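Student: pasted the sequence and its predicted model underneath.
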Amino acid sequence: MHASQPAVTVTNLVKRYGSFLAVDDVSFSIQEGEIFGIIGPNGAGKTTTVECISGLRVPDSGSINVFGLSPQHDRDKIREFVGVQLQESALPPRLKVGEALELFASFYSDPLDPREVLESLGIKNSERSAFKKLSGGQKQRLSIALALVGNPRIAILDELTTGLDPEARRGTWALIERMRERGVTVILVTHFMDEAENLCDRLALINRGRLRALDTPEAIAAEAGMHRLRFVPSQPVADEALYAVGGVQVVERKGRTVTVMGTGDLAASLVNALAASGIQVSELEARSGNLDDAFIQLTRDTASVAADGAQS
Amino acid sequence: MRPALAGVLSHRSRAQLAALLKVQAKLSLREPAALALGVGFPLVLTVLFGEISRYTAGNVGGTGLTVIDLYVPTIMVISFIAIAISLPNTLVRDREIGWLRRISTTPVHPSRLLAAQLILDLVLAVVAIVIVIVGGTAIFGAPLSVDVPFFILSVALAIAEIFSLGLVVVALTPTQTVASAVAGVLFFALLFLSGLWVQPVNVGAPLRDIMWYSPSGAAVRAVLYSAFHATPPVTTLLTLVGYTIVFAFVAIRYFRWE
């Protein structure tokens, strides 16, 4: 088996805006052909990280390598093969879809056929529509089309399904899958866990500028995710009694139903502890951690992590 | 593309610039404010002052010139102002919505879009000059005896100065709303100083000098002299050069693409 070549290597990236530390010592590498997700809460430093990769921003320290080139020093070369879809970037309102695609195609040395790109994205019918007449989903498709028409080796897609209806989101996901089939390396910035879980081969979870996890979605979910137990106790049970059980971290109530989240062999210790107090458990549902849980877990205990970072 | 550019730009750069020119031209036709002002102003004002000239005695203010003679340079400069003042409308908008930033992710720098827009505006300015000269001389009989080298120099300086001022507004205003407000005020100030309502030869000393040494008044004065086969005063030409340098410096220093 051949180890594939890294498309992007980020080493000890640091970026500040004034006194605000937006990205704090982040390192990861992305393999060629991979769909790599960057997830994290709003303001975590995701966009800043990809903007450094695309050469739109200059890092304060650390280094970035994109197919052997530096985004700072080889900006012009990198722009030839990195396609970027920006968060919140519009086109002139009266510019037509077909015109925008042809304009962008003219910018690159080896572009794809604009008509084929429009067709593959399902917006061929809007070719003669002005940008301002497009729906949210069509605008997003056009934005992806503009990122792809230059025939890039790497596509950076920032929050591309934000504001789309569920059907348009599914459609967009299918497009990204097709990009993978064409061998394009995709860097996907998102704060939707289902999107990351469905699409990404690997994820970097960033919180407050720091890398908190770097692995496959499954591994992150399994490692950091908590087990979740839902049950109805035979008689009322106090929160204190539940928190006293080993491994329990979160208790939630909805009517008589109690939900407990935590780590370890949660079901066994809980049932035993409650039985010892003479309480029976009914309608028990157990679910192992998913990426959502992992996300909450990994972004919750930030204060202590930040303190560790400051000391080291 | 002119052959002179072939030596400067590579084949690919020319193709990119041509594509940008095509798109900016189409957008200009769909948002025709600059076009309407740049062509509409010289047409309407030439007819207006041509008609006034027919019913007014010549030798305005002892200059030996008729009304239309005096207004030919004023109308030309006003056309440049109208074109330049439309620059912020599109460019600030393009920056505000992230279009210039979007282009900066491609191999083409957004300065190329600015270049394409300026080339189109230059063409528009030449069209305005032709309208004023043809209308003023052929229809209303202004006896122009253009000193070609000084006329070209004066017009080139006037366009460079006034377009640079338009770019200063683009550079310094954060949003399209602010840009429109600033451009509107500036527009009427420049129109007044160019002599649209009252010609400098008809007013007293302090205001006349202010007009002569204002950005638009100096442009009018330089064009006026060279349109009637006289050498423009050196102070007027130097004033124009000075304004151009200052405006271009401020525009370049404070220009932002995002």
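Tutor: Received it, and whenever you're ready, just let me know what you need. Bear in mind the structure is a predicted one, so any value in this text is a computation, not a measurement. Numbering: from 1, shown residues only, chains lettered A, B, ... in the order given.

Student: contact partners for the residue of the stretch 101-250 of chain A found nearest chain B?
Tutor: Chain B sits closest to A:Ser106 of the stretch 101-250 of chain A, with a gap of 3.7 Å, by Cβ to the nearest Cβ. Backbone N, C-alpha and C define where each C-beta goes, glycine included. By Cβ atoms under 8 Å, 6 or more residues apart in numbering or on different chains, the contact list for A:Ser106 reads B:15-16, B:18-19.

Student: just checking, which of these belong to helices?
Tutor: Counting by DSSP state H, the part of these found in helices is B:15-16, B:18-19.

Student: now, which of the residues you listed lie close to chain A?
Tutor: B:15-16, B:18-19 (Cβ under 8 Å from any Cβ of the partner chain).

Student: just the buried ones among these, please.
Tutor: Neighbour-count burial (16 or more other Cβ atoms under 10 Å in any protein chain shown) applied to those gives B:16, B:19.

Student: what's the local residue count around B:Ser10?
Tutor: 9 (other Cβ atoms under 10 Å in any protein chain shown).

Student: ok so, going back, between the ones next to chain A among the ones in helices among the contacts of A:Ser106, which sits nearest chain A?
Tutor: Of all these, B:Ala19 has the smallest distance to chain A: 3.7 Å, by Cβ to the nearest Cβ.

Student: return the residues of chain B in contact with chain A.
Tutor: So chain B meets chain A at B:12, B:15-16, B:18-20, B:23, B:26-27, B:30-31, B:90, B:93-94, B:97-99, B:101-102, B:104-108 (Cβ under 8 Å from any Cβ).

Student: quick revisit: same list (the ones next to chain A among the ones in helices among the contacts of A:Ser106) but as JSON lines, adding distance to A:Gly33 and pLDDT.
Tutor: Output for those, formatted as JSON lines (distance: Cβ to Cβ, whole Å; pLDDT from 0 to 100):
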{"residue": "B:Ala15", "distance to A:Gly33": "31", "pLDDT": "91"}
{"residue": "B:Gln16", "distance to A:Gly33": "30", "pLDDT": "93"}
{"residue": "B:Ala18", "distance to A:Gly33": "35", "pLDDT": "94"}
{"residue": "B:Ala19", "distance to A:Gly33": "31", "pLDDT": "96"}
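
Student: A:Arg212 belongs to a strand?
Tutor: Yes: assessed with DSSP: H, G, I helix; E, B strand; the rest coil, A:Arg212 lies in a strand.

Student: list the contacts for it?
Tutor: Contacts of A:Arg212 (Cβ under 8 Å, 6+ apart): A:40, A:205-206, A:298-299, A:305.

Student: list only buried entries from the residues of chain B next to chain A.
Tutor: Here, 16+ other Cβ under 10 Å leaves B:16, B:19-20, B:23, B:27, B:31, B:90, B:93-94, B:97-99, B:101-102, B:104-108 buried among those.

Student: can you flag which of those residues belong to helices?
Tutor: B:16, B:19-20, B:23, B:27, B:90, B:93-94, B:99, B:101-102.

Student: are stretch A:134-151 and chain B in contact anywhere?
Tutor: Yes: with Cβ under 8 Å from any Cβ as the criterion, chain B is reached by stretch A:134-151 at A:146, A:150.

Student: and stretch A:245-261, which residues are buried?
Tutor: The neighbour-count check on stretch A:245-261 (16+ other Cβ under 10 Å) flags A:245, A:247-248, A:250-251, A:258, A:260-261 as buried.

Student: how close does the closest residue in space to B:Phe140 that isn't next to it in sequence sit to chain A?
Tutor: In this structure, B:Phe140 finds its nearest non-sequential neighbour in B:Gly50, 3.3 Å apart by Cβ to Cβ, 6 or more residues apart in numbering or on different chains. Remark: distance between B:Gly50 and chain A (Cβ to the nearest Cβ, to the nearest Å) = 35 Å.

Student: please look at B:Leu20 and B:Leu113 and confirm they touch.
Tutor: Yes: counting by Cβ atoms under 8 Å, B:Leu20 touches B:Leu113, with 5.5 Å between them.

Student: on that earlier part again, nearest to B:Asn202, of the buried residues of stretch A:245-261?
Tutor: A:Val250 (84.5 Å; Cβ to Cβ).

Student: and the pLDDT for the closest one?
Tutor: You'll see A:Val250 listed with a pLDDT of 80.

Student: if we can go back for a sec, mark which of the contacts of A:Arg212 are buried, thanks.
Tutor: A:40, A:205-206, A:298-299.

Student: which members of those occur in strands, if any?
Tutor: Judged by DSSP state E, the buried ones among the contacts of A:Arg212 include A:205-206 as members of strands.

Student: now the buried ones among the contacts of A:Arg212 in CSV, with distance to A:Asp76?
Tutor: Putting the buried ones among the contacts of A:Arg212 into CSV (distance: Cβ to Cβ, whole Å) gives the following:
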residue, distance to A:Asp76
A:Gly40, 30
A:Leu205, 33
A:Ile206, 28
A:Leu298, 38
A:Thr299, 37
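
Student: assign the residue of chain A most remote from its centre to helix, strand or coil.
Tutor: Within chain A, the residue lying farthest from the chain centre (Cα atoms, centre = their mean) is A:Gly278, at 45.4 Å. Per three-state DSSP, the local secondary structure of A:Gly278 is coil.
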